[in-house]
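[1] Provided below for reference: sequence and predicted model.
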Amino acid sequence: QVHLVESGGGLAQAGGSLRLSCAAFGGSFSSYIMGWFRQAPGKEREFVASITWASINDHYADSVKGRFSISRDDAKNTVYLQMNGLKAEDTAVYYCAGGKILTTTDTNWNSWGQGTQVTVSS
């Protein structure tokens, strides 16, 4: 089981960009499917994006498709989420997750980061 630490959150203006990073410690990072989820105030945690081993496949929620891009660097044990064209509705706490099963639900993920706040001002 890997330990995950997110960074890169902050305040952005609508239309702007942010890049989130998630560093993994321990475990075998390259063998994990990595994902990003987010939780807005008063809402349930929702899937944002995922990327499989060796970056073979990636998958996005419809709400971020075409604006967000997930990538991974196995040499650095890090997964990234590049967020462009930010909207006010992207405001949430963003969580990095690692697992062995590809799923868009927040179950069956083995490891979670502590979360990083993203706030988009309109």
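    Nice, thanks for sending it over.

[2] switch to C-alpha atoms for all contacts and neighbour counts from now on
    Fine.

[3] contact partners for the nearest residue to Gln1 once chain neighbours are set aside?
    In this structure, Gln1 finds its nearest non-sequential neighbour in Gly27, 5.3 Å apart by Cα to Cα, 6 or more residues apart in numbering. Residues in contact with Gly27, defined by Cα atoms under 8 Å, 6 or more residues apart in numbering, are Gln1, Val2, His3.

[4] same deal with Ile33?
    Ser50, Ile51, Thr52, Trp53, Gly98, Gly99, Lys100, Ile101, Leu102.

[5] can we see that at 10 Å?
    50-55, 57-58, 97-103, 109-110 (Cα atoms under 10 Å, 6 or more residues apart in numbering).

[6] how far does stretch 67-86 sit from its chain's centre?
    On the basis of Cα atoms, centre = their mean, to the nearest Å, stretch 67-86 sits 8 Å off its chain's mean C-alpha point.

[7] which parts of it are buried?
    Across stretch 67-86, burial judged by 16 or more other Cα atoms under 10 Å covers 68-72, 74, 77-81, 83-84, 86.

[8] and for stretch 51-61?
    Neighbour count says stretch 51-61 has Ile51, Thr52, Trp53, Ser55, Asp58, His59, Tyr60 buried, by 16+ other Cα under 10 Å.

[9] just checking, which of those residues belong to strands?
    Under the assignment DSSP state E, the buried residues of stretch 51-61 contribute Ile51, Asp58, His59, Tyr60 to strands.
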